Every structure is written in structure tokens, then in C-alpha cells.
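Colleague: any chance you can model this:
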Amino acid sequence: MKIAILRIGTVDMHVVSEVQKGLSKVFPEADCVIQEDTMPVPQDAYNAKRRQYYSSRVLAKMGSIVPSFGVNCVLGVTEVDLYVPHLNFVFGEAECPGRVAIISLCRLKPEFYGKPADRDLFMERSVKEAVHEVGHTLGLGHCLNSQCIMFFSNHIQMTDMKKLKFCEKCWSRVLHILTR
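Modeller: Here you go, the predicted structure:
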């Protein structure tokens with residue numbers, strides 16, 4: 001499996017490098033690369049009323065450039081706040097199964113919630129969300145095990161409670177998918 005990480009808009013390269021390292025630890029057989037080019041944030045995805053970006057539109061734009069990367073999965077990383085209809089926000093979104101996924105760093109920062117900056121916590125959250133969304137591209141849905149990385153996070157405390165690993169059931173599915 002080959003995963004490309006694509007910066008969408010201006011994104012701290014140190015964060016992207018940590019996401020790459022985290023994905024490589026969870027998926028040790030994967031070749032995880034950071035694309036040199038960045039993709040501009042699609043302005044047609046912006047909803048002025050919400051002051052957020054519609055993540056499905058961003059995914060669609062990503063999908064149009066994926067073939068040129070020659071990879072199984074492209075993970076977009078952005079600083080902008082994302083949403084889908086019927087939810088206040090999303091930490092990320094992915095085709096399930098598919099080839100594109102995106103995470104937003106915006107709400108993963110403790111400062112977003114009025115807390116002091118905590119780089120380690122921010123990095124842990126970023127990697128968790130990256131692994132979660134890549135799991136969706138492999139075809140995994142949300143897991144009912146609150147410790148599993150595939151558990152749905154409705155708020156940041158739920159992300160913090162999850163482990164940075166798949167439960168046995170989900171890991172078994174990942175191995176089956178990657179070895180067929």
C-alpha cells in the first residue's frame with residue numbers, strides 16, 4: 001500500500017512529518033510519502049454562513065488529481081475547519097472505500113477549546129484522525145469499541161479516549177484487505 005500526504009493550503013510541515021511517521025508505525029508495510037506540491041484550498045467549498053469548508057467538495061477536488069500520484073490513498077491535511085451537512089463540523093472525511101481522505105487540524109488543537117497549547121496532544125490527535133480516515137479508505141466503517149481508532153468521534157474528548165490502534169476485529173479486517 002502506498003499513501004501520499006497532500007497539504008491543502010498552508011500546513012506546518014512538522015505536523016505533516018509527524019502524521020507521516022504515525023501512519024508508518026500503524027501501517028508498517030505501507031510506503032507513506034509527503035507530496036512536495038500543495039493543493040490550494042478550494043474556494044467553492046467555502047460556506048460563508050458557517051465560516052467552514054464543505055469537506056466533500058474538497059475530497060472531490062482531491063479525487064481529480066489522485067491518478068497523477070500513482071498511490072492507493074491520498075490523505076489531505078488542512079488547517080481549515082471542515083463540515084458536512086447535518087453535522088456542526090468534522091475532524092475529517094474519507095471515501096469508504098476509496099482513494100481520498102482529508103483531516104482538518106483546526107479542531108485538534110487544544111487552543112481551539114481555550115486550553116493552553118500542547119504540541120504532544122495535538123500531534124497525537126492528528127495521527128489518530130489520519131489513521132481513522134485511512135481506515136475508511138480501506139473500507140472500514142465506524143467501530144462500536146470506544147478504544148478502537150475506528151470509533152466515531154463526536155467531540156474531541158472522544159478522540160482523546162481512543163487508542164492509536166485498531167481493535168482486534170478491525171485489525172483483522174485491515175490485514176485481510178491489505179493481503180488480498
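
Colleague: quick one, longest strand in this structure?
Modeller: Longest strand in the chain by number of residues (criterion: DSSP state E): strand 31-39.

Colleague: mind giving me the packing neighbours of it?
Modeller: Here strand 31-39 touches strand 2-8, helix 13-26, helix 55-65, going by 3 or more CB pairs under 8 Å, 6 or more residues apart in numbering; DSSP states H and E. Heads up, the C-betas are built off the backbone N, CA and C, glycines and all.

Colleague: for the protein, just list every one of the strands.
Modeller: Using DSSP E, the strands of the chain run over residues 2-8, 31-39, 46-47, 52-54, 73-78, 82-83, 92-94, 100-104.

Colleague: just how off-centre is the fifth one within its chain?
Modeller: Pointing back at strand 73-78 there. 7 Å (CA atoms, centre = their mean, to the nearest Å).

Colleague: ok, now the third one?
Modeller: In terms of CA atoms, centre = their mean, the gap separating the centre of strand 46-47 from the centre of its chain is 20 Å.

Colleague: can you check the last one too?
Modeller: Taking CA atoms, centre = their mean, one finds the center of strand 100-104 at 4 Å from the center of the full chain.

Colleague: still on that earlier bit, list the buried residues in the longest strand of the chain.
Modeller: Judged by neighbour count using 16 or more other CB atoms under 10 Å, the buried positions of strand 31-39 are 32, 34-35, 38-39.

Colleague: thinking again about what came up before, Gln157 is nearest to which of the helices and strands packed on strand 31-39?
Modeller: Evaluated over the helices and strands packed on strand 31-39, closeness to Gln157 peaks at helix 13-26, with 20.2 Å, by CB to CB.
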